[in-house]
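> Below are the sequence and a predicted model; questions follow.
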Amino acid sequence: MKIKNEDELDDYIICNRCLTLHKKIKIEYNSTAYCMECNNILYSNDYKFINEGLSLSITGLIFFIVANFFPLIKIEILGHSQFITITKTILSLFNSGFYIVGMLLAFLIFIFPLMIFIINILLFTLLKLNRGEIITKDLLILLAHIKPWSMSEIFLISILVSLVKLISYASIDIGISFWALIVFVLIDLYITKRVKISQLWDIREVIYANRR
Amino acid sequence: MQIEDSDLIRCPICESVNIDQSNINICRRCNSKIYHHQFFATERPIAYLVTALIAYIPANLYPMLITNQFGRVEGSTIIGGAIMLWEHHSYTIAIVIFVASIVIPLFKFLTLIYLIISVKYPLGKDKKIDKHKLYYFTEIIGPWSMIDVFVVAILSALIHLSNIEIVAGTAATAFAISVFFTLLCAHSFDEKLIKD
């Protein structure tokens, strides 16, 4: 393979599943390129995603706040009723001396998902305003680092499992927070599925190149 | 400039294509370090994996969940909890817990050991197993073993009455640490070392 300089490598992409090298080709708006070897999504032409991403991120953040401050599950055993919120779950682990699990939980289901949405909002706003070339770079690097560590969807499944475990002991009321968490997780999954990190880098490059 | 396709590596952070120059590669787009060491290829994943394996032993021996019901204290281990659910006819949940906290960690341990060994010794050269797919799969399923830890956290936060109380056990900490380190191990493994 012959190239003039390193920048020409931007025309290539390596599949993140099977590490096959591909040359990028121009594709039509709203279409997607797949890997020939493993059928993994490589990139798609979706430059209008910034507006959609911004609005989705803001919606997600609102649902996340709702999910954290309202009761998640309420139970009634032997005449006593009790409820938990996500924050209360984490704090009760600290209170009973499980600091390591508490810390892990705090990061995995609270701090990282919150950070991801704040980063998304900042990122899409800056890209839209055509500003902050250096900040967006740092934000994208940070996003790539914390993305694999956000586990809201796993927490959601855990709630379902605990509900089934409890169903024979007590009467259960599902709170607003639970539904908010479902919406939050769906938005999170949609954004992750729709726009890959490599694509955000490409969009960023195009936007700031136009500006110069 | 003439380069070989096999000299191109992918930055794990920004996914851009880079030329593999030496042991230390700095990504041209995001300036992150791209791990591609010739001499310390597998030391870091091995260290994480050993830590995870050590933590996995107490995770299975100590109780995960301690139930205090009218003064009767009962602890259940990870496998004990799954069996108990099966006996109570909650088959779906029993299978979910069994897969998440027993099958997935064991599968991950075996795969990672296999991948690390196959870097140094030519294992699986006959292409019966697609190692890239295997690695990708372990990365995807890895976090799901946290289900059991989350369930324990929810139950212990929720059930806090004078007569009935659920407390997390030692195994919860050990298991969480074990899962955390297998995740670190998978992340620190250099995909480029997988040979076909």
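Now that the structure is in, tell me what you want to look at. Numbers count the residues shown, from 1 in each chain, chains lettered A, B, ... in the order given.

> Show me which positions of the helix ranked longest in chain A end up buried.
Using DSSP state H, we find that the single longest helix of chain A is helix A:49-69. In terms of neighbour count (16 or more other Cβ atoms under 10 Å in any protein chain shown), helix A:49-69 has its buried residues at A:49-50, A:53-54, A:56-57, A:60-61, A:63-64, A:66-68. (C-beta placed from N, C-alpha, C; glycine too.)

> With stretch A:147-159 instead?
By neighbour count, with 16+ other Cβ under 10 Å as the criterion, the buried positions of stretch A:147-159 are A:149, A:150, A:151, A:152, A:153, A:154, A:155, A:156, A:157, A:158, A:159.

> Could you check how far the third one is from residue B:149?
Yep, that's residue A:151 we're talking about. 10 Å (Cβ to Cβ, to the nearest Å).

> what's the answer for the first one, then?
The span separating residue A:149 from residue B:149 equals 14 Å under the rule Cβ to Cβ.

> Let me see the ranges of the strands in chain A.
Secondary structure of chain A, counting by DSSP state E: strands at A:12-14, A:21-23, A:32-34, A:41-44, A:73-77, A:80-84, A:171-174.

> ok, back up a step: output the buried residues of helix A:49-69 in a markdown table, with pLDDT appended to each entry.
Below are the buried residues of helix A:49-69 laid out as a markdown table (pLDDT from 0 to 100):
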| residue | pLDDT |
| --- | --- |
| A:49 | 82 |
| A:50 | 86 |
| A:53 | 89 |
| A:54 | 92 |
| A:56 | 93 |
| A:57 | 94 |
| A:60 | 94 |
| A:61 | 95 |
| A:63 | 94 |
| A:64 | 94 |
| A:66 | 92 |
| A:67 | 91 |
| A:68 | 90 |
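
> okay, the residues you listed in a markdown table with distance to chain B next?
Below are those laid out as a markdown table (distance: Cβ to the nearest Cβ, whole Å):
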| residue | distance to chain B |
| --- | --- |
| A:49 | 17 |
| A:50 | 18 |
| A:53 | 18 |
| A:54 | 21 |
| A:56 | 22 |
| A:57 | 20 |
| A:60 | 19 |
| A:61 | 22 |
| A:63 | 19 |
| A:64 | 17 |
| A:66 | 18 |
| A:67 | 14 |
| A:68 | 14 |
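
> which residue sits closest to residue 147, ignoring its sequence neighbours?
Looking at chain A here, since you left the chain open. Leaving aside its sequence neighbours, residue A:147 sits nearest to residue A:116 (Cβ to Cβ, 6 or more residues apart in numbering or on different chains; 6.7 Å).

> My question was about chain B, not that one.
Nearest residue to residue B:147 in three dimensions, chain neighbours excluded: residue B:100, at 4.2 Å (Cβ to Cβ, 6+ apart).

> returning to what we had before: hang on, isn't the residue nearest to residue A:147 packed against residue A:144?
No. Using Cβ atoms under 8 Å, residue A:116 and residue A:144 do not qualify as a contacting pair, with a distance of 10.8 Å.

> Of the two, which one has the most company?
Higher neighbour count among residue A:116 and residue A:144: residue A:116, with 24 against 20, using other Cβ atoms under 10 Å in any protein chain shown.

> Can you name the residues that contact that one?
A:143, A:146, A:147, A:150, A:188 (Cβ atoms under 8 Å, 6 or more residues apart in numbering or on different chains).

> Keep only those of those residues that are in helices.
Of the contacts of residue A:116, the ones assigned to helices by DSSP H are A:143, A:146, A:188.

> could you check the distance from the residue nearest in space to the middle of chain A over to residue B:100?
By Cα atoms, centre = their mean, chain A has its centre lying nearest to residue A:188, at 4.4 Å. Relative to residue B:100, residue A:188 is positioned 20 Å away (Cβ to Cβ).

> can you list the weak-confidence ranges in chain B?
B:22-23, B:35-41, B:123-129, B:195-196 (pLDDT under 70).

> quick one, helices of it?
B:43-61, B:78-87, B:91-98, B:104-120, B:131-141, B:147-158, B:170-188.

> hang on, the residue nearest to the centre of chain A packs against residue A:152?
Yes. If you go by Cβ under 8 Å, residue A:188 and residue A:152 touch, sitting 6.2 Å apart.

> What separation do you get for the residue nearest to the centre of chain A and residue A:109?
Taking Cβ to Cβ, one finds residue A:188 at 12 Å from residue A:109.

> Which neighbours do those two have in common?
Counting by Cβ under 8 Å, 6+ apart, the contacts common to residue A:188 and residue A:109 are residue A:152.

> Map the structural domains onto the sequence of chain B.
B:1-36, B:41-193 (automatic domain parsing).

> Off-centre distance for the first one?
From the chain centre to the centre of domain B:1-36 is a distance of 26 Å (Cα atoms, centre = their mean, to the nearest Å).

> all helices for chain A, in order.
According to DSSP H, the helices that chain A contains are A:49-69, A:86-95, A:99-105, A:112-129, A:133-146, A:152-166, A:176-194, A:197-211.

> want to throw those into CSV with distance to residue A:16?
Below are those laid out as CSV (distance: least, Cβ to Cβ, whole Å):
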stretch, distance to residue A:16
helix A:49-69, 19
helix A:86-95, 31
helix A:99-105, 26
helix A:112-129, 19
helix A:133-146, 12
helix A:152-166, 20
helix A:176-194, 13
helix A:197-211, 8
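
> looking at those, which is closest to residue A:26?
helix A:197-211 (12.1 Å; Cβ to Cβ).

> helices and strands around that closest one, which ones?
Counting contacts by 3 or more Cβ pairs under 8 Å, 6 or more residues apart in numbering or on different chains; DSSP states H and E, helix A:197-211 is packed against strand A:41-44, helix A:112-129, helix A:133-146.

> rerun at 7 Å
With contacts taken as 3 or more Cβ pairs under 7 Å, 6 or more residues apart in numbering or on different chains; DSSP states H and E, helix A:197-211 sits against helix A:112-129, helix A:133-146.

> And residue A:69, how far from chain B?
For residue A:69, the distance to chain B equals 16 Å [Cβ to the nearest Cβ, to the nearest Å].

> how many neighbours does the closest residue to that residue other than its chain neighbours have?
Spatial nearest neighbour of residue A:69, chain neighbours left out: residue A:85 (6.5 Å); criterion: Cβ to Cβ, 6+ apart. Residue A:85 has 18 neighbours, counted by other Cβ under 10 Å.
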